[in-house]
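Trainee: I need the structure of the sequence given here:
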Amino acid sequence: MTHEEKVRRISARVKRAMEERVFPGCVIGIVHANGERLVLPFGRFTYDDGANAVTTDSIYDMASVTKSIPTASLLLLLIDRGIVSLDDRLVKYIPEFGNFPGKEKVSVKHLLTYTLDIVLPPMRTFLQKTPDEIIAAACAAPLKSEPGMRYVYGNPTALFIGLLIRKVAGKDIDAFAAEEFFSPLGMRSSTFHPENIDKESIVPTEFDQSGKLIHGEVHDESTSILNKKFILGISGLFSTVPDMLNFLEMLLRKGEYEGKRYFSESIVDMMKTNQTPHLDDFSGLGWELNQPWFMGAHAGPHTFGKTGFTGTCVVCDIEGGIAYTILSNRVFPKRTENSSAINAFRADIGNIILSR
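Mentor: Residues are numbered from 1 along each chain as shown. A predicted model of the protein is given here:
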């Protein structure tokens, strides 16, 4: 498929999605290993005719993409530097976690592959709790199954990753990420502090259950509570397509960008290699792996990426030398009952971009 044909097909698919009110607008960015880029903005911030037009630099709530960029990536950085080991037990860093038999077996690798299964209600049920109470409840939860034996994606595991990083690095995720990634990679619009940005640049996310417009503040309720104490990087990153492409180009170059090395090639290989073959499932280290439901049918066994509830995703195919990101506010004005429409859109865009 020619470059022009890909742009035509992407534009047609976005037009259809906006007509079906999957989202009022979006930005799609593509980057190649040689640095060649394409950024395509579409639509408006909201469905109002007078709403701001989406631009290449429009800022979106990245939601759970945050779990990989930057949070899991920061833990991988600590592993790469020999400060933390994949085999380290979580109780080494969070002693209060080891309150039930078997929990002492939970390792850093279990966190990065989301194979920690604990008995804990959904984080949204803790909205009346304080940050300390949420953390205490997560730490006190008993195991539901043996560590490493079941893939369980969710905020509790990300919470432990954030706590571990904070303990080792001695700083919150926002400061650590700015120091290690955002500043050196030129990710100038990436921040955990959208309150410091002009709202005219930020795309509104949604109206919450009380009717309040969530605009320029983290949409995830439990993250919003935890942020009152410290930032753990479960959700809450705000960013742009050009910033995401900088990070993705670095990964395409196997950890190097503009003369600076961020990761060893061996760590990048672990991101794109299945760490859970014994589960008949796919999980890279810190990333979702080979997931056609959002990457499309052309995703290979080493294609990795991450989605965000608000309508965002990033996908990286190092073998193919190409990566892309989709930013949208698909939850505007209200969350839909399911994610089928945005997932179909993501998969269709992946089919276009990753086709050989």
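Trainee: Just give me the residue right at the centre of the protein.
Mentor: With distances taken as Cα atoms, centre = their mean, Val65 lies nearest the centre of the chain, 1.1 Å away.
Trainee: Helix, strand, or coil at it?
Mentor: helix (DSSP: H, G, I helix; E, B strand; the rest coil).
Trainee: Could you give the number of residues near the residue lying closest to it once chain neighbours are set aside?
Mentor: Taking Cβ to Cβ, 6 or more residues apart in numbering as the measure, Val65 lies nearest to Gly308, with 4.3 Å between them; neighbours along the chain are not counted. Just so you know, the C-beta spots here come from the backbone N, C-alpha and C atoms, and that holds for glycine as well. Neighbour count for Gly308, taken as other Cβ atoms under 10 Å: 25.
Trainee: For Gly308, name its beta-bridge partners.
Mentor: Counting by DSSP bridges, Gly308 is bridged to Thr312.
Trainee: Quick one: distance of the lengthiest helix in the chain to the chain centre.
Mentor: The residue-count maximum for a helix in the chain (DSSP state H) belongs to helix 3-19. Offset of helix 3-19 from its chain centre (Cα atoms, centre = their mean, to the nearest Å): 24 Å.
Trainee: Average pLDDT for that helix, rounded please.
Mentor: If you average the pLDDT over helix 3-19, you get 97.
Trainee: For it, name the packing helices and strands.
Mentor: Counting contacts by 3 or more Cβ pairs under 8 Å, 6 or more residues apart in numbering; DSSP states H and E, helix 3-19 packs against strand 25-32, strand 37-43, helix 340-354.
Trainee: residues of that helix that come out buried?
Mentor: For helix 3-19, the neighbour count (16 or more other Cβ atoms under 10 Å) marks Lys6, Arg9, Ile10, Arg13, Val14, Ala17, Met18 as buried.
Trainee: Could you check how far Val39 is from His298?
Mentor: 21 Å (Cβ to Cβ, to the nearest Å).
Trainee: sorry, that was for Ala17
Mentor: From Ala17 over to His298 the distance is 19 Å, taken as Cβ to Cβ.
Trainee: quick one, strands of this structure?
Mentor: 25-32, 37-43, 60-61, 206-207, 213-214, 238-239, 256-257, 260-261, 288-289, 304-308, 312-317, 322-328 (DSSP state E).
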